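J.: Provide a 3D model corresponding to the input given below.
(one chain, ligands or ions: 2)
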Amino acid sequence: MTRAAAALLIMAGMAGAPATTEPQPIRSDRGHRVSSVRITILSTMLADKGMGEWGFAALIEADGRRLLFDTGDRSETVLQNARELGIDLSTVTDVVLSHHHADHTGGLLTLRRELAKVNPAALSRIHVAPGIFLSRRKAGSDAESNPVIALKDAMVAGGGVFIEHGAPVELLPGVWLTGPIPRRYPERNWGPPMSLVTARGLVPDSIPEDMALVLNTDKGLVIVAGCGHAGTINTVEYAREVVAPGPVYALIGGLHLFAATEETLAWTAAKLRAAGLVALLGAHCTGIEAVFRIRDLAGLTRRTAVVAAVGSSFDLDRGIDPLALAQ
Ligand SMILES: [Zn+2]
Ligand SMILES: [Zn+2]
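T.: Ligands and ions are numbered 1, 2, ... in the order given. Prediction:
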């Protein structure tokens, strides 16, 4: 899909969305830099405040505009964690689903239903990439295993609009979605075996829709990944290719390195070091040991490479706030 076509889809999505209390103009401005960034973790395994789970969600704040990136696993986790953290999500109109897995999409319906009582436009625009609605099967089962198929029906019935991005798109000034990420290196950050249903039968599911959020700042790129299925370095290099070629200042979210070999961690860390990485807030499937190994191998410190907990955050000016757990 061309950028123009993607833009048309966005326009269509905006036209179909209910009135919003927080207008979020979407325009293409390739060179725009975000000057204020705050990213707060709302779902991950460890919890300083609220509760932990196997899942991921983060609130993105960029120059006063807000987006939700993924929605956690259990229906209530992000809703309750946001309340405990004193974060009002009802004014957030746009949500990104990085991919179809339940640990990133499981909270959306409950969030939408609860927040729409306060603001009918809350989480009414759902940004996804092509492939997210494909039929899937777990080994040995004939049942549909893609939760987003039923989720879409329920969300659309409630007034939600799904917007598919087949190519990189500037969602807000300086805030980009990559769309599907080319798998340049064979990082293969996916599994256990799940299959895609195709005309040729079942084929391994590489999660083709997996995408990341990229903020273009004066310090470099700030990249947020949900589960990193496209590969950490595939994601980083594609972000530099389509958004800005400068350094990668911060990497935040799930990188699916929890089971990576020492060789893979060393290769990944060397690439991140070469990309100029300054801050790593490793959440969810990044893995605890992987964060520590990358800290050492990429020349980071306990202040700049942190295992994320619910409530921990990254601020472009102040860096990572790990809260009490990871100090
Ligand atoms: Zn996943
Ligand atoms: Zn995940």
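J.: Which part of the stretch 51-200 of the chain gets nearest to ligand 2, residue-wise?
T.: Using CB to the ion, the single residue of the stretch 51-200 of the chain nearest to ligand 2 is residue 103, 4.3 Å away. The way it works is simple: take the backbone N, C-alpha and C, and place the C-beta from them, glycine included.
J.: quick one: secondary structure of that residue?
T.: Under the three-state scheme (DSSP: H, G, I helix; E, B strand; the rest coil), residue 103 adopts helix.
J.: again with residue 224
T.: Classification of residue 224 by three-state DSSP places it in strand.
J.: That one contacts residue 254, doesn't it?
T.: No - look at residue 224 against residue 254 with CB atoms under 8 Å: they stay out of range, at 9.5 Å.
J.: Name the nearest residue to residue 160, sequence neighbours excluded.
T.: residue 124 (5.4 Å; CB to CB, 6 or more residues apart in numbering).
J.: any idea how far ligand 1 is from that neighbour?
T.: Using CB to the ion, to the nearest Å, residue 124 is found at 24 Å from ligand 1.
J.: Do I have it right that that residue meets residue 159?
T.: Yes - with contacts counted by CB under 8 Å, residue 124 reaches residue 159, the gap being 6.1 Å.
J.: With neighbour numbers in mind, choose between these two.
T.: residue 124 (25 against 14; other CB atoms under 10 Å).
J.: ok, now which ones touch the residue of the stretch 51-200 of the chain closest to ligand 2?
T.: Residues in contact with residue 103 (CB atoms under 8 Å, 6 or more residues apart in numbering) are 53-56, 72-73, 227, 284.
J.: Could you pick out the residues of the stretch 201-327 of the chain near ligand 2 for me?
T.: Within the stretch 201-327 of the chain, the positions adjacent to ligand 2 are residue 227 by CB under 5 Å from the ion.
J.: Okay, strands next: where are they in the stretch 201-327 of the chain?
T.: Under the criterion DSSP state E, counting those that start in this stretch, the stretch 201-327 of the chain carries strands at the ranges 201-204, 213-217, 220-225, 248-254, 279-283, 305-307, 309-310, 313-315, 319-321.
J.: how about CSV for the ones you listed, with distance to residue 43 and mean neighbour count added?
T.: Shown next, in CSV, are the strands of the stretch 201-327 of the chain (distance: least, CB to CB, whole Å; neighbours: other CB atoms under 10 Å):
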stretch, distance to residue 43, mean neighbour count
strand 201-204, 27, 11
strand 213-217, 15, 25
strand 220-225, 13, 26
strand 248-254, 10, 27
strand 279-283, 8, 26
strand 305-307, 14, 25
strand 309-310, 7, 26
strand 313-315, 14, 21
strand 319-321, 17, 18
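J.: okay if I get the ones you listed as a markdown table plus mean pLDDT and distance to residue 82?
T.: Formatted as a markdown table, the entries for the strands of the stretch 201-327 of the chain read as follows, by pLDDT from 0 to 100; distance: least, CB to CB, whole Å:
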| stretch | mean pLDDT | distance to residue 82 |
| --- | --- | --- |
| strand 201-204 | 92 | 36 |
| strand 213-217 | 98 | 18 |
| strand 220-225 | 98 | 17 |
| strand 248-254 | 98 | 17 |
| strand 279-283 | 98 | 16 |
| strand 305-307 | 98 | 21 |
| strand 309-310 | 98 | 10 |
| strand 313-315 | 98 | 13 |
| strand 319-321 | 98 | 17 |
